[in-house]
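# Everything below, folded, please.
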Amino acid sequence: MLDKRWIFQNNECDPSDVRRISNDVGVPPIVASVLINRGVTADDDIKTFLGKSLSNIHHPFLLKDAQKAAQRIKSAIENDEKIVIYGDYDVDGITSTAILHKFLSSLNADVDFYIPNRADEGYGINILALQKLRKGGASLMITVDCGITAVGEVEFAKTIGLDIVITDHHTCKEDIPRACAVVNPRQPDCEYPFKDLAGVGVAFKIILACALEMELSAREYFDKYIDLVAIGTIADVVSMKGENRIFVAAGVRRFKTTSNEGLKALSLTSGISEKPITAGLISYTIAPRINAAGRIASASLAVELLVTDSAERAAEISLALENENRERQLTEQTILKEALEMIDADENFNKKKVIVLAKEDWHHGVIGVVASRIVDRFYRPTILLSLKDGNGKGSGRSVKGYNLFNALTLCNELLIKFGGHELAAGLNLKYDDISVFDKQINEHAESILTDDDLIPYVNIDALVSPHDLTVANAEKMSILEPFGMGNPQPIFAISNATITSMRTLSEGKHCKLSVTKEGKTLDVIGFGYGTLADKFIVGDRLDIAFSMDINVFRGEKNVQLILKDARFSLK
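Here you go, the predicted model:
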């Protein structure tokens, strides 16, 4: 467990603002403080943030080329052209593929989908796939969650008579493909007001644009697909602000009464059918099971799950994904163990600011997840490479303050292919170039990152009294949902609390303790914090950072604190 910096968000919080927001909105001061920390203080902003109204969704034609894309799709349907949706193998790409396929199928279009095999083809458009699709009769291909860097591939498609409409949300390079239409809010000349849509959000906008172009009911398709839009958005860890917040809030509400047979089956196999649905619950139950298909086997299976109208087939696929997810977890544990052994054996490890590890036949489908685990443990940008046939296919994860996409851009001459975001990216390079790449990216990181940048931190919304930690306050906190990047679950802190009991759970993985302050006893659960029992003893006085949860036992509700960090009291 790394020592963390504690960053208090509301040291300068004006008490009069807290009182004003608390009175105007009808929320307790602790919730008003969180709104201020989120930068939501003006009356209109508060109304928008808390209301999550569909009236705040932007018109799809504001996206550059969205109307052009809708016109080309409409023409393909009217002329009975074969359309292929070309997706990505993660949850964002799978849900994007599913909603667009369901939409076009509902219009009786001749439509199919294609998702490249992660191990054999890698991310994005490839020439062999284009040839195969054209040979199969496709004349229009629509990409979802990919394609923005496929300049050469789009030019090749033109030579074989295959039109391409690109829908994507990834960072754009200098050259934009010359496709029939390129829809990506991150294009420099796109005036769309909200830039942080997930790939599924962009695909959904294309559906709404098509509905407008064809004079169909856009609201009908919103209700049909918003649950899938929410899942893809949650899984891709994009900013939980603006339209993403509206989509996720509406999708989470819809999830409980979904008509999607695949989601019904996943709810049953994951054991959440009777639980209150939140973005967090979807993130760690539904999303990993959809993801498992693309990581271990074929993402096409997950798409089939989400488009089927057969409850029996959905149940069959859901069970298969449950098994795939277990296999994914075992594979992930094996690779993590091997990666940690490599780190332990590296005498120069402490001199590097970026971790670069490579090994033969690491499963490319899970190394990104393992990279995240290593970032959690060491708080350094991490890139893992799976070696095969003289090449390395890799996934990287970063930390705040280090733009991984920009770093890879500076190493472009060594890379066969790369793409991604500030905090996550994929790359391919030759085996012989890995050591040079390791040297270059670490030299770059040395010029960017200070030692303090590599100390993990916890943002704390407020220092509170035990008497603020009531069931009523915890329940009221839910109006701030959905939580995610840009709107994290609120974290609070208490100081100078005394440990009265402590024990480990699950063979030492977790820790449960009780603390007292001001005559009040508080229950704290630390998931993954089993080592606390080696650091603290009963009677120690601690400062504790936590989020609030409600535990129901025998019908009685109590506040439970979910541990985020603990340190000896500074007082």
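# now the helices for the stretch 351-500 of the chain?
Assigned by DSSP state H, counting those that start in this stretch, the stretch 351-500 of the chain shows helices spanning 367-378, 404-410, 434-448, 471-476.
# what does the longest one rub up against?
Under the criterion C-beta atoms under 8 Å, 6 or more residues apart in numbering, residues 352-354, 356, 358, 381, 383, 385, 392, 401-402, 407-408, 410-411, 414-415, 429 lie in contact with helix 434-448. The C-beta positions use only the backbone N, C-alpha and C, and glycine is treated the same way.
# ChimeraX command to pick out the buried ones of these?
In ChimeraX, a selection of the buried entries from the contacts of helix 434-448 looks like this (16 or more other C-beta atoms under 10 Å):
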select :352,353,354,356,358,381,383,385,392,402,407,408,411,414,415,429
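# Mean pLDDT and distance to Ala533 added to the helices of the stretch 351-500 of the chain, as TSV?
Output for these, formatted as TSV (pLDDT from 0 to 100; distance: least, C-beta to C-beta, whole Å):
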stretch	mean pLDDT	distance to Ala533
helix 367-378	94	19
helix 404-410	95	35
helix 434-448	96	35
helix 471-476	94	26
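# Could you dump those into a markdown table with distance to Ser318 added?
Below are those laid out as a markdown table (distance: least, C-beta to C-beta, whole Å):
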| stretch | distance to Ser318 |
| --- | --- |
| helix 367-378 | 21 |
| helix 404-410 | 34 |
| helix 434-448 | 39 |
| helix 471-476 | 32 |
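# domain ranges for this protein?
5-51+457-568, 56-246, 346-454 (automatic domain parsing).
# For Thr308, which of those domains is the nearest?
Proximity to Thr308 (C-beta to C-beta) singles out domain 56-246 among the domains of the chain, at 9.9 Å.
# so how far is the first residue of that closest one from its last?
8 Å (C-alpha to C-alpha, to the nearest Å).
# tell me how far that domain is from the chain's mean position?
A distance of 19 Å separates the centroid of the chain from that of domain 56-246, by C-alpha atoms, centre = their mean, to the nearest Å.
# Going forward, count from 57.
Happy to do that; since the first residue is 57 now, the last one works out to domain 112-302.
# quick one: contacts for Asn459?
Here Asn459 is in contact with Glu478 (C-beta under 8 Å, 6+ apart).
# how near is it to His477?
9 Å (C-beta to C-beta, to the nearest Å).
# again, but for Asn316
Asn316 is 28 Å from His477, by C-beta to C-beta.
# Pick out whichever of the two has more residues nearby.
A count of neighbours by other C-beta atoms under 10 Å puts Asn316 above the other of Asn316 and His477, at 23 against 17.
# which ones are touching Pro516?
In this structure residue 516 is Ile, not Pro. Neighbours of Ile516 in contact, by C-beta under 8 Å, 6+ apart: Trp62, Ile63, Phe64, Gln65, Ile547, Phe548, Ala549, Ala601.
# which stretches of the stretch 257-406 of the chain form helices?
Using DSSP H, counting those that start in this stretch, helices in the stretch 257-406 of the chain cover 274-291, 298-311, 317-326, 335-337, 343-352, 355-363, 367-401.
# Many thanks, have a good one.
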